[in-house]
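Novice: Below is the sequence, then the predicted model.
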Amino acid sequence: MPEGPYPYVYVNADGSARELHASERKYLETEFTGGDGAMPYIKVNYDQRDGWGEISGYLERASLPAGVTVAAAPVDDPHRPLNKDDFTDLLRKKGAEVVENADGSLTIRAKPRKQ
């Protein structure tokens with residue numbers, strides 16, 4: 001294990017940063033093949049936004065702007081698996097249209113963005 005702080009941090013939705021939980025470190029250290037949809041999203045720079053328009057995501061510690069303090073890692077796993085209801089709620093909060101089908105599956109559509 002290299003000395004010093006872990007080379008990545010997590011940028012929260014409010015722009016603050018924190019150390020990574022052990023499960024997040026394991027996730028970042030997992031080997032993925034190119035194009036694997038399960039690969040972690042690692043921001044290129046601090047200001048980069050994800051597909052939802054949020055600033056949150058993994059970032060190389062060296063790319064963190066001066067003055068942004070890094071909080072301790074969370075005790076509980078912040079990326080625990082979601083059950084169906086939690087997943088549906090999360091998508092709706094992000095603005096997606098979610099329809100539960102008769103067979104129990106979900107149909108998810110992005111709501112059109114206002115121009």
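Specialist: Yep, that arrived.

Novice: pretty sure D85 belongs to a helix, no?
Specialist: Yes. With DSSP: H, G, I helix; E, B strand; the rest coil as the criterion, D85 is assigned to a helix.

Novice: give me the number of residues near it?
Specialist: 9 (other Cβ atoms under 10 Å). (Glycine included, C-beta is placed from N, CA and C.)

Novice: same thing with R80?
Specialist: Residues lying near R80 (other Cβ under 10 Å) number 9.

Novice: how near is it to H21?
Specialist: Separation of R80 from H21 (Cβ to Cβ, to the nearest Å): 10 Å.

Novice: P74 now?
Specialist: In this structure, P74 and H21 are separated by 5 Å, where distance is defined by Cβ to Cβ.

Novice: same thing with S105?
Specialist: As defined by Cβ to Cβ, S105 lies at a distance of 31 Å from H21.

Novice: Looking at those two, which one has more neighbours?
Specialist: Taking neighbours as other Cβ under 10 Å, S105 and H21 compare with H21 leading, 17 against 9.

Novice: Check whether that one really touches P78, as I assumed.
Specialist: Yes. Shown here, H21 and P78 form a contact pair, counting by Cβ atoms under 8 Å, at 6.0 Å.

Novice: Can you give me the buried ones in stretch 91-109?
Specialist: If you call a residue buried by 16 or more other Cβ atoms under 10 Å, then stretch 91-109 has these buried ones: L91.

Novice: who's in contact with that stretch?
Specialist: With contacts defined as Cβ atoms under 8 Å, 6 or more residues apart in numbering, stretch 91-109 is touched by W52, K84, T88, A110, K111.

Novice: do the same with stretch 66-80
Specialist: Contacting residues not belonging to stretch 66-80 are listed as 5, 9-10, 15-24, 27, 46, 61, 64 [Cβ under 8 Å, 6+ apart].
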